[in-house]
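Asker: Just to be clear, the model below is a prediction. Sequence and coordinates:
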Amino acid sequence: MSEVLDDASSSWKPTWTATQHIVASEGGVIEAGDVSLVVPPDALLTDTTLTLTFSALAQPGGDEPWSPYHETITLGPPRFQVKKPLRLTWDAAEYGEAQKAELVRKLLREATPEHMQAIQPEAVADARTPSERFAHHETQIFRACAAAVQGPDGPTPPITDPDQLAALLQGTVLAGATLTRLPLPEDPRQFALRIRLNNVEPLVAWSVARTLVAQTGRFPILTTAAQMSVDFQGEESFEQAHSGHEDAAGEHGIDTDISDSPYVDHVRAMVDVDLAQELEEARARFEERESTEECRSSSSAHLDWFGPSRWGAVLVLLPTPNSWETIAYQSWWGAQGEGPARAMSFFKRWNERHGAELICNYGTMLQFVVPNPPTDADTALDLAKEQAANGYDTVCLPGLSTREHARALLSLRRWFLRSQP
């Protein structure tokens, strides 16, 4: 028989073919056969561990029916990209615990430089979920959060020259990135700076830009290429947000200008998307799926993060050094009706109490990093009520009570806020 074995954590789907000669005996063992693994070109070996499950059928013996037989093995290859097809074959009858380490050695022994090349840790999109990527980069993120947002002489005026920003990015993973000025229609004197991320991990890119706020005078926010079509259009100016003025166009959160109809040529020019690159990134993410842990019931599952890379992540640097003020420049459905002033007051309070900083804005979803989350039930409950007031769908859609949401917030260092039509 033949089985295709699925990988649970890699960024490519390996094809394991097991050819077994199954013999019914008193022991019900599999007597003979071969197992082979074919690694196709362009496959990415990017995880610390690679977990694969071998499946077959076995009969315990007697009149008992055939039943599935599963065995999971864990390999630990370094990060490589396959250049030429690679095939490994071994005798299933000899396969056992002692052979697991040998499989790793055989993989590396047969994977000559002709077959594989080393890749940089952040050079490719990986298969981890957004919440797992946050955990992986947590130390770097919170180190960035600890960086000052203003110089010794006070806030730095937002830089206006993309070349000046490019100079600050030299020596980082964002060196050489494409920089674009985005005008803010309500105030022609103000604009945002957009950084194309290409294959840079978005959370790493944000951390780099966050450490430079004291020099740039601009706070970084991750968003998507799709969201860029509605951001900065019909939004209130910074001064209007502070005054609580309500903008009618912003209330609807959509652009009704017929010139912005989403034809391919227009969208490509508007968001500066390289379609060939987007297709390549999409292929690398094709096999992304939830981990086993995320599939299990979790009191904080409703706070799992959304992955910006799915829609083409971009990083925008807004003309303020404070994260809570960025909401005045971008669309956020939870701010419709009353305007962003109310949301800004809550975000500032969360920053003062918990160090919370807005890191992602996807129009209907906000994500925060939280250096000092609540540690007692009363504080968590008050916070849960405030979050429900600002993003009701955070608790409404998963069908949770405010107390259940409060329990999830205890000691959680990442927040997720949702508000949608």
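Answerer: Cool, the structure landed.
Asker: since we're on Leu315, how many residues are nearby?
Answerer: 22 (other CB atoms under 10 Å). C-beta coordinates here come from the backbone N, C-alpha and C atoms, glycine included.
Asker: hang on, it is in a strand, isn't it?
Answerer: Yes: under DSSP: H, G, I helix; E, B strand; the rest coil, Leu315 falls within a strand.
Asker: what about the residue lying closest to it once chain neighbours are set aside, neighbour count?
Answerer: Of all residues not flanking Leu315 in the chain, Ile195 sits nearest, at 4.3 Å (CB to CB, 6 or more residues apart in numbering). Using other CB under 10 Å, Ile195 is surrounded by 24 other residues.
Asker: try Ala147
Answerer: Residues near Ala147, counting by other CB under 10 Å: 13.
Asker: For it, which residues are in contact?
Answerer: When contacts are counted by CB atoms under 8 Å, 6 or more residues apart in numbering, Ala147 touches 210-211, 213-214.
Asker: Do a quick rundown of the helices in the stretch 251-400 of the chain.
Answerer: For the stretch 251-400 of the chain, the helices defined by DSSP state H, counting those that start in this stretch occupy 264-271, 275-285, 292-295, 340-354, 377-390, 393-396.
Asker: and those helices, which one is worst for confidence?
Answerer: Looking over the helices of the stretch 251-400 of the chain, mean pLDDT reaches its minimum on helix 292-295, with a mean of 41.
Asker: ok, back up a step: in its sheet, what does the helix or strand hosting the residue nearest to Leu315 sit against?
Answerer: Element membership for Ile195 (DSSP states H and E) is strand 191-196. When pairs are called by DSSP bridges, strand 191-196 turns out to pair with strand 179-183 (antiparallel), strand 313-318 (antiparallel).
Asker: Tell me which residues are up against the last one.
Answerer: When you say that, I think you mean strand 313-318. Counting by CB under 8 Å, 6+ apart, 165, 182, 192-197, 202, 205-206, 209, 216, 218-225, 228, 231, 271, 325-326, 329-330 sit against strand 313-318.
Asker: Recalculate using a threshold of 6 Å.
Answerer: Outside of strand 313-318, the residues within contact range by CB atoms under 6 Å, 6 or more residues apart in numbering are 192-195, 197, 202, 205, 218-223, 225, 326, 329.
Asker: I'd like the average pLDDT over it.
Answerer: Here the average pLDDT along strand 313-318 is 90.
Asker: returning to what we had before: turn the buried ones among the contacts of Ala147 into a named PyMOL selection, would you?
Answerer: In PyMOL, a selection of the buried entries from these looks like this (16 or more other CB atoms under 10 Å):
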select buried, resi 210+211+213
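Asker: Mind checking which of the contacts of Ala147 are in helices?
Answerer: Under the assignment DSSP state H, the contacts of Ala147 contribute 210-211, 213-214 to helices.
Asker: closest to Glu357 among those residues?
Answerer: Closest to Glu357 out of the ones in helices among the contacts of Ala147 is Arg210 (7.7 Å), distances taken as CB to CB.
Asker: now Glu357, nearest residue through space, not along the chain?
Answerer: That would be Ser323: by CB to CB, 6+ apart, it lies 4.2 Å from Glu357.
Asker: Gly151 too?
Answerer: Per CB to CB, 6+ apart, closest to Gly151 is Ala214, 5.2 Å.
Asker: what's near enough to touch that neighbour?
Answerer: So Ala214 contacts 148, 150-151 (CB under 6 Å, 6+ apart).
Asker: Considering the contacts of strand 313-318, which is situated nearest to Gln367?
Answerer: Closest approach between these and Gln367, by CB to CB: Leu222, at 8.0 Å.
Asker: Doesn't the closest one belong to a helix?
Answerer: No: if the criterion is three-state DSSP, then Leu222 is strand and not within a helix.
Asker: Find the helix or strand that Ala408 is a member of.
Answerer: helix 402-409.
Asker: Could I get the CA-only coordinates of stretch 155-168 as PDB?
Answerer: Below are the C-alpha coordinates for stretch 155-168, written out as PDB (Å, rounded to 0.1, in the frame of the first residue of the first chain):
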ATOM      1  CA  PRO A 155      10.000  64.900  20.800                       C
ATOM      2  CA  THR A 156      11.800  64.800  17.500                       C
ATOM      3  CA  PRO A 157       9.900  66.500  14.600                       C
ATOM      4  CA  PRO A 158       8.800  63.800  12.200                       C
ATOM      5  CA  ILE A 159      11.500  63.400   9.500                       C
ATOM      6  CA  THR A 160      10.300  64.300   6.000                       C
ATOM      7  CA  ASP A 161      13.000  63.000   3.700                       C
ATOM      8  CA  PRO A 162      12.900  59.300   2.700                       C
ATOM      9  CA  ASP A 163      16.600  59.500   2.100                       C
ATOM     10  CA  GLN A 164      17.100  60.500   5.700                       C
ATOM     11  CA  LEU A 165      15.000  57.500   6.800                       C
ATOM     12  CA  ALA A 166      17.000  55.200   4.400                       C
ATOM     13  CA  ALA A 167      20.200  56.300   6.100                       C
ATOM     14  CA  LEU A 168      18.800  55.400   9.500                       C
END
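Asker: I'm done for today, thanks for sticking with me.
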